[in-house]
Structure formats: structure tokens, C-alpha cells
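1. predicted structure and sequence below. I'll ask about it afterward.
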Amino acid sequence: MSKKKIIWFSIIAILVFLGYQAVTFFALEEDKINSVYLIPSDAIFIMEFDEPLENMETLSKSALWDHLQTNDAIHEMSAKVNTLDSLFQQKADVFNLIGERDILLSAHMIKRDDYAFLYVVDMDKLSRLGVVKNNINQLLNEDFKVTKRLYKQTEITEVTDLDTYETLSIAFVKNQMVASYTHTLVEKSIDEYENPQIGRDLQFLEIQKELKKKGLFRFYLNHKLLTDYYKVFSNEPSPIVQTLEENFNYSGFYIEEDDDRLMTATGYSSGNIVMDALVKALDESGTGSIDATSILPRETALYMSFGFEDFATLHKSFYNLLGEKQPDVVKEYESGKKSVEEFIDIDLEKDFYSWIDDEIAFAKADFPQLNEKDGLAVAFKTKDVDDSNERLQHIENQIRKTTPVKFQTVDYKGYDIHYLNIKGFFKLILGSLFENIEKPYYTTINEYVVFSNSPVTLKLYIDAYESQKTLFTDEYYRDFIDEFSNSSNVFLYVDTNRLAHASQTYLNTDSKKELQNNENFFSQFTQLGLELKADDNHFKTKAVIHYDADYDVEALRLEEKTKDIPFSVLDIKKEEISKETIFNIPEIFPSDFTSNSYETKFNTGKTEMKVYLKDGMPHGRYKLYHINGELKISGRFKKGEKTGTWRAYTREGKLFHKEKF
């Protein structure tokens, strides 16, 4: 064969080879699998990112993201995610390719009180080239050591950071790269591929389909694991967590950041047979008002509203639908209902259900006069106050005939406080969420009948209503509530700082310590709202978290503590504190630009000054202390410049001066 023919033959062979490679690279898809197939079924929650580098860059420009980075745990987790950048820092183009892939992040319990994360990266057609899989050694720098092992015929690459000795385990399954700092999660992921659970669950897939490609990222919650996750923070059971776990299966949200102060999550929630029946009944019934705020005190830490057009109709529709699928559950309810009715000779339909209007509210108030166990109340909106009072008086009279009751009706500021001695009454008609309201006292405030285990709680509710210091009159609440509809099927409002204080009894030691050490961080997420509306076979769901950069729990606590102290009794040293010069902050020179904070101390070891940083520049909360440990200055920086309201205090903790920047 001549040299010319050999050359042409070689060219044709190369073209054929390149053509084959192009076809297999761009056309053939037989090796691709869905990334959710690799998420183990014990995932507590899943986060889904499209083009994460671009979306995370958008989020990173917000004040909310800056605040998140001030928390050491979140900063550390972000650093671990950024380790990918360190791994491939010699090959920036490769990292950019990886970074623009779709990513799933899932959380899993690894101990009773600890959890870890799994990352699944869709490498798409890049996986066919083996760019990462076959060349990890070349992509890494000298700070990492690489070893390999087999698990069920799948190669796992272990990358050990020689500085921290943390090991990142990486495996490739078809077009997916799986990674975790907990090697057992990678092994679980490989096992899951053989028999996917979440990835083939129709309820999960339906929610995922509805949310695809929306928001900065998506967040999916697996309700079946909520109790295990909750135990990380608390030793006490939670009726709300129990209700969410028992009746819901999955919730999914797409997340958006709004105006540096709100994080909004919009999506869907699906449930079991019981919840399915309730959703259909509520869908037929319609939504109800959110009006109980007109009688709830400003000290309310948690408010959960259940809305519908008419309770009696909803109640009947729900049990009719449930009876078609779970007749035993309905039979058990009917038996309990009959026992109560026969024991005290009443008709629940006529004497209780008939007068309930379009809202039932459950509330927990954080009054300083009460301990953590008190402050619980259930409020029923009435169609007619006279009718509800008459029906309840009838029930009370029937109880007195069968059970000796020593409590007499008490008048407090013109409101009659009664006693209803029926143990387990509310759990029977409303479920386990209300089981803590037993043998309750009750009164009527405006158009609501309010029940509580504590008569003192009712007195404090009456005081708040009479003094017009209710949740509805609180401007801070009203500004937040504008983010939601005027009516819903389920609405949850949480004043996070009040709830954190009211929940101290229920938190375990580690959680209390975590809250205490990071109080400034958590306290600025001041409000949480959740709205559910029935829609066919699931709930349309919206959640909003309010971030308030100006909320300073230490400063506010100090002002409350010293508000009644007159300046005349204080020893104010003008050379130390002056309104003209107090906010002249010396320039700050941190030595570590990667740190999220900078701190100086007195010779005694106490903190003198602490400020949060971004790229080595003051960015976030700044605090300066007197040598006696009292707060001296509180304010915020933004990119090195003072912003928001700055406050200065005397040695005794009295607010001395404040200025807006």
C-alpha cells in the first residue's frame, strides 16, 4: 500500500472514530440515571440545586447569606462544600464544569444526636470522558492523599486532607458522582441504586415535578424521619412534630430570597390516608379566617390556626371520607365519642360542634409570670356567643351531675371563668396535637371561647385584650403577616425568640448550649410563618422566614432591664463616653481574611470587642464591651461602613445614645 493511501486510510479511520465518539457522547443516553435514585431512603431532607455556582452567587450577595456565614457550624459546612474548589484548584475549567452540574444534597442521621450530608452531582455526558474519575490524582494538589477501594464492584476513591485528616469518599455510578465525608453514606447510596425508595415514590416524584427548575434551590422534607431529627435537639416529645410525622409524607418547596430580609419557600405537602381524607374534606369546605390574633396577647410565641367554612360540615365530611379507607379508625372514634356522650348525657354534634364557626386556634404564650408548662390555650371562634355560652353551660351542668366539681365560676374584670372537667375531651375531637389541654378552664373573649389548663393564663389573655395589647395590634407582626393570605386551612406563626425562651424545658443540654453560644445569630431570625391550603389531593404550602439585621437581643434585653433607672444615679465618665465621639470606631486590622469574625480581649480574658467579617472587612454585627462586661456599643457594618441603628450604653447598662447611619 502506498504512503498516500496509508495517510488517507488513517484520516478516514480517525474521522470514523471521532464520529463514533461524537454519536456516543451526544446521542446515546443508555447509561444515564436519575440522581434521586442514589439518595438513601433515610434522608431527613434533600436540597436540589440547578447551576449552583450561579444561584449561590446570587444568594451570596444578600445580607441574609452574610448573616448565615457568621454561624460557625454553617461557615464550617460551607467550607467543606468549597473544599471541591481546593481539590481542583489546579484545574479551574474542570471545576466550573462540575459546578454547573445539577446537585442534590441530603441529610442523614449517623448517630442518635448527629447527622451528616451526602452530595450527588450529575456529571451528565462529562462522565463518559472519565475526566474526573480517571484523573483525580492529577487534579489534586499536594495537600491531599488519594486511596481507592471496592464496594460491591463499585470503586470508591478516598481523598484525605493532610491538614485536617478529614476524608472525602467519592464514587461514580453511571453519570452520577456521589460524595460524602461519612463513608457509610456513599455505601448506602450505592445500595440504594439497586432498589430506589424515594426515587420511585409517586408522592415525592409528583412534588418534585411541580417544583422542577424553580427558585434558587428546592428543599424536600421527609416527614417520616422528623422525630429522629427532632431528638438531636430535644429530649421531650413534641405534639406538633408527632402530628407532622404521623400524617404527612413529604413536603417540597422552592426557595427564594427577597429584599435582604425574607426567605420564602413555596410548594406542596402530601400525606397518608388520614391526611388525604382531610385535604379532600378541606378542599370541599374552603378556607377560614385568621382572626384569633384579635384576642391573642403580644406575648404569643406560637399560634396555629385551623380554618374552614363550617366545622360541623367539615367534621362529617372528613369521617365519611376516612371511613371509606380506614373504617377501623372511624369505628374507634365513634366508640370514644359515644362513651363521652353517654357518660355525661350530651350530644357533641349539638352541644359543641354546632356553634364552632370558621377557626380553631392553638396558641402558646411566653408570659414572664408563668412557667414553661403554662401559657397553652385553644380558642374556638363562635357563630353566636350566646348560643356557645348556653351549650357549654349545659355541658358543665351535665358534668356536675355525674362528677363532683368543687370549682365555682369566677368573675375576672367582667369575664366569667368556668371549669370543664372532661379528661381527654380535646384529644378525642381534635387529635393528639391538643392532648395537653386536659380538664380545662374556659372563658369567652370577644367572639372566641378560650380554653386553658391554667386559669392564670386566661386572666393574662383577658388583660391583653382589655389593654389592647394583642398580636393584631403589634406592628411588627402585622408587617410580617402581609406576606400571607387573609384565610387558609392551616396557618402557623412563630415568634422565634419567645418560643426559644418558652421551650427551654424541652431542649436537651447540647441544644441549650448551642442556643446560648449562638444567641445573637439565631435571634435575628425573628419570625416564621407557614400557610397550607387544600388543593385536590395535597396542600399548597408557603413558608416565610423573617431576618431582621437590626434585632439585637443583648441590647434589647439590656434596655428592658435598665429602662427605669434614672440617669441622675449613674456615674457617667465624659472622658470615656461622649455622644460626639462614641461611634468613632478605630480601623480594624484582622490577620486572617478567611475568618468570619475578629475578636479582641481584655487582660482579664473577657471579650473587649467582636465584629463579623467578609473578605477581611467589617461586615455584620459589631459589639464593644466595658471592662466590667457590660455592653458599651452595638451596631452593624456593611462592607466596612457603619449602617443601621447604633447604640451606646453606660457601665451600668443604661442606653446613653443612639444614632442612625
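-> Great, that's in hand.

2. where do the strands of the stretch 201-350 of the chain begin and end?
-> 217-222, 248-258, 262-271, 288-289, 300-307 (DSSP state E, counting those that start in this stretch).

3. pLDDT of the helix or strand in which Leu458 is found, averaged?
-> Secondary structure from DSSP states H and E places Leu458 in helix 455-466. Across helix 455-466, pLDDT averages out at 93.

4. with stretch 252-261 instead?
-> On average, stretch 252-261 scores 81.

5. let's see that stretch as PDB, backbone CA atoms only.
-> What follows is stretch 252-261, C-alpha atoms only, in PDB (Å, rounded to 0.1, in the frame of the first residue of the first chain):
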ATOM      1  CA  GLY A 252     -41.300  20.200  48.900                       C
ATOM      2  CA  PHE A 253     -40.500  23.900  48.400                       C
ATOM      3  CA  TYR A 254     -38.700  26.200  46.000                       C
ATOM      4  CA  ILE A 255     -36.600  28.800  47.900                       C
ATOM      5  CA  GLU A 256     -36.300  32.500  47.000                       C
ATOM      6  CA  GLU A 257     -34.600  35.400  48.800                       C
ATOM      7  CA  ASP A 258     -36.500  38.700  48.900                       C
ATOM      8  CA  ASP A 259     -35.200  42.200  49.800                       C
ATOM      9  CA  ASP A 260     -32.400  41.000  52.200                       C
ATOM     10  CA  ARG A 261     -35.000  40.300  54.900                       C
END
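
6. which residues are in contact with Gly307?
-> 287-290, 358-359, 487-491 (CB atoms under 8 Å, 6 or more residues apart in numbering). Backbone N, C-alpha and C define where each C-beta goes, glycine included.

7. from these, which is closest to Ser238?
-> Distances from Ser238 to these, taken as CB to CB, are shortest for Val490 (16.5 Å).

8. within the helices and strands, which one has the closest residue to the closest one other than its chain neighbours?
-> Distance criterion CB to CB, 6 or more residues apart in numbering; nearest residue to Val490, sequence neighbours excluded, is Leu532 at 4.0 Å. According to DSSP H and E, Leu532 maps onto strand 525-535.

9. ranking the strands of the stretch 201-350 of the chain by burial, who's on top?
-> Compared across the strands of the stretch 201-350 of the chain, strand 300-307 shows the largest average neighbour count, a mean of 23 (mean count of other CB atoms under 10 Å).

10. and the end-to-end length of stretch 563-583?
-> 22 Å (CA to CA, to the nearest Å).

11. on that earlier part again, so what strands line up beside the strand holding Leu532?
-> strand 490-495 (antiparallel), strand 538-547 (antiparallel) (DSSP bridges).

12. could I get the average pLDDT for the last one?
-> Read that as strand 538-547. Averaged over strand 538-547, pLDDT sits at 89.

13. check stretch 439-452 too.
-> 91.

14. do the same with stretch 191-206
-> On average, stretch 191-206 scores 92.

15. and it, end to end?
-> Note: stretch 191-206 ends 24 Å apart using CA to CA.

16. ditto for stretch 175-186
-> In stretch 175-186, first residue to last residue: 15 Å (CA to CA).

17. in it, which residues are buried?
-> 175-183, 185-186 (16 or more other CB atoms under 10 Å).

18. now name the helix or strand holding the nearest residue to Val450 once chain neighbours are set aside.
-> Distance criterion CB to CB, 6+ apart; nearest residue to Val450, sequence neighbours excluded, is Ala379 at 4.7 Å. Using DSSP H and E, Ala379 falls within strand 376-382.

19. where in the stretch 501-650 of the chain is pLDDT low?
-> 568-577 (pLDDT under 70).

20. need the helices for it, in chain order.
-> Using DSSP state H, counting those that start in this stretch, the helices of the stretch 501-650 of the chain run over 509-517, 519-523, 553-562.

21. check which residues of the longest one are buried.
-> Looking back up the chat, that one is helix 553-562. For helix 553-562, by 16+ other CB under 10 Å, it's 555, 558-559, 562.

22. what's it packed up against?
-> helix 519-523, strand 631-638, strand 641-649, strand 655-660 (3 or more CB pairs under 8 Å, 6 or more residues apart in numbering; DSSP states H and E).

23. redo that, cut-off 10 Å
-> helix 496-502, helix 519-523, strand 617-625, strand 631-638, strand 641-649, strand 655-660 (3 or more CB pairs under 10 Å, 6 or more residues apart in numbering; DSSP states H and E).

24. so can I have JSON lines of the strands of the stretch 201-350 of the chain showing distance to His315?
-> Formatted as JSON lines, these follow (distance: least, CB to CB, whole Å):
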{"stretch": "strand 217-222", "distance to His315": "28"}
{"stretch": "strand 248-258", "distance to His315": "21"}
{"stretch": "strand 262-271", "distance to His315": "18"}
{"stretch": "strand 288-289", "distance to His315": "13"}
{"stretch": "strand 300-307", "distance to His315": "12"}
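
25. and of the ones you listed, who's closest to Asp113?
-> Between the strands of the stretch 201-350 of the chain, strand 217-222 lies closest to Asp113; by CB to CB that is 18.7 Å.

26. relative to strand 262-271, how tilted is the closest one?
-> 40 degrees (axes from the mean of the first three to the mean of the last three CA atoms, to 10 degrees).

27. show me the contacts for the closest residue to Val173 other than its chain neighbours.
-> For Val173, ignoring the flanking residues on the chain, the nearest one in space by CB to CB, 6+ apart is Tyr193 at 5.6 Å. Contact analysis of Tyr193 by CB atoms under 10 Å, 6 or more residues apart in numbering lists 33, 37-38, 152, 154, 173-174, 176, 178, 199.

28. got a PyMOL select line for the buried ones in those?
-> Buried subset of these, written as a PyMOL selection, criterion 16+ other CB under 10 Å:
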select buried, resi 37+38+154+173+174+176+178+199
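
29. restricted to helices, list the contacts of Tyr193.
-> Of the contacts of Tyr193, none are assigned to helices by DSSP state H.

30. farthest-separated two in the contacts of Tyr193?
-> Greatest spatial distance among the contacts of Tyr193 (CB to CB): Lys152 and Gly199, at 18.3 Å.

31. Ala648 and Pro618: what is the separation?
-> Counting by CB to CB, to the nearest Å, the separation of Ala648 from Pro618 is 17 Å.

32. so for the two, which sits in the more crowded spot?
-> Pro618 (23 against 20; other CB atoms under 10 Å).

33. great, nothing more from me.
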